[in-house]
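Visitor: pasting the sequence and the predicted coordinates here, then a few questions.
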Amino acid sequence: MYVLVRSNLPALLLDVEYMMELMDPTLQLGEGSYYLTTTYGALEHIKNYDKLPVTRQLSLEIQDSIHRWERRRTLNKARVSRSSVQDFINVSFNEAGSNTKTLGARPDTTAQDLCRQCAEKFEVPEPERYGLCVLVDGIYQQLGPQELPLTVKAMFHHSEPKKEYYFVYKPVSSEEGKDIEPPLKTESLI
C-alpha cells in the first residue's frame, strides 16, 4: 500500500479497472487474478481511507463494486467451462524450447488436430512431412494421430519421479532415421 500511495493513483486505478473488465476469462482463475484483485482492493482502500468509519469495514460502494465484479467473473467462468477449453499445450518448432507457441486444446483434441494447429501457427509449407513428438530423456517419440496430447501431458504431470518433457512439432522423417522412435503408446510413456 505504501508503494501504491506514492504512485499515480488515478491512472493506476483506471488501469486496474480496465484490466479487470477486459481480462480473458481463462486468466481469471490464477495467480494474476489474485494480484489484480488484491491491488484493486488496496487502491479502493487508499481512495476511501478518510471516508472509512472507525469500524474499518468496507464501504457499501466498495462492497457493491466487488460483488458486481465477482458476478461478472462467475459468468465468465461459466462461459469458459461451456466452451470446454480445458488446457493449453506448449509446442516447440523443430527443437525443444525453440520458437514455442501455446495452443488451446480440449480433452478430445487428437495429435492430428494439434498438428493442424501447429502447421498454421508455424506456417509450415509441407505439413504432411511434420508430426507431433514428445521429447523425454533425450529421445523423441512421435505421437500417433489419435493420441490425446492432454492425456500425455497429464501422465507426465502425475508421474513419479517427475520427468521433464517437451512437445515438439518437427519433420517426422529424418535423414538418419534414428532420432525419432516409432509412434508411442500412451501407457509406455511412464
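Guide: Noted; the coordinates are in hand. Please read these numbers as outputs of a predicted model, since none were measured by experiment.

Visitor: tell me where this structure is predicted with low confidence.
Guide: Screening the chain residue by residue with the criterion pLDDT under 70, one finds the ranges 26-28, 49-59, 75-86, 173-190.

Visitor: rerun at 80
Guide: The model of the chain has pLDDT under 80 over residues 1-10, 20-33, 47-64, 69-87, 157, 173-190.

Visitor: how about stretch 38-45: buried residues?
Guide: Residues of stretch 38-45 classed as buried under the neighbour-count rule (16 or more other CB atoms under 10 Å) are 39-40, 43-45. Every C-beta, even on glycine, is put in place using the N, C-alpha and C of the backbone.

Visitor: now swap in stretch 127-142 and tell me
Guide: Using 16+ other CB under 10 Å as the burial criterion, the residues of stretch 127-142 that qualify are 130-136, 140-142.

Visitor: distance from the chain centre to it, please.
Guide: The chain centroid and the centroid of stretch 127-142 are separated by 22 Å, computed with CA atoms, centre = their mean, to the nearest Å.

Visitor: numbering from 234 from now on, please.
Guide: Let's use 234 as the start, then, which means that last one is stretch 360-375.

Visitor: now the phi/psi pair for the closest residue to L376 other than its chain neighbours, please.
Guide: Across the structure, with CB to CB, 6 or more residues apart in numbering as the measure, the residue nearest L376 apart from its sequence neighbours is A344 (3.9 Å). Dihedral angles of A344 (phi, psi; degrees, to the nearest 10) stand at phi -60, psi -40.

Visitor: what sits against A344?
Guide: Neighbouring residues of A344 by CB atoms under 8 Å, 6 or more residues apart in numbering: 364-365, 376-382.

Visitor: which residue is nearest the middle of this protein?
Guide: F321 (5.4 Å; CA atoms, centre = their mean).

Visitor: all helices for the chain, in order.
Guide: 235-238, 242-255, 264-280, 293-316, 344-354, 382-390 (DSSP state H).

Visitor: just flag the most distant two among the buried residues of stretch 360-375.
Guide: Y363 and V369 (19.1 Å; CB to CB).

Visitor: returning to that earlier point: include distance to K334 when you put the helices of the chain into a markdown table, please.
Guide: Putting the helices of the chain into a markdown table (distance: least, CB to CB, whole Å) gives the following:
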| stretch | distance to K334 |
| --- | --- |
| helix 235-238 | 35 |
| helix 242-255 | 23 |
| helix 264-280 | 20 |
| helix 293-316 | 20 |
| helix 344-354 | 5 |
| helix 382-390 | 13 |
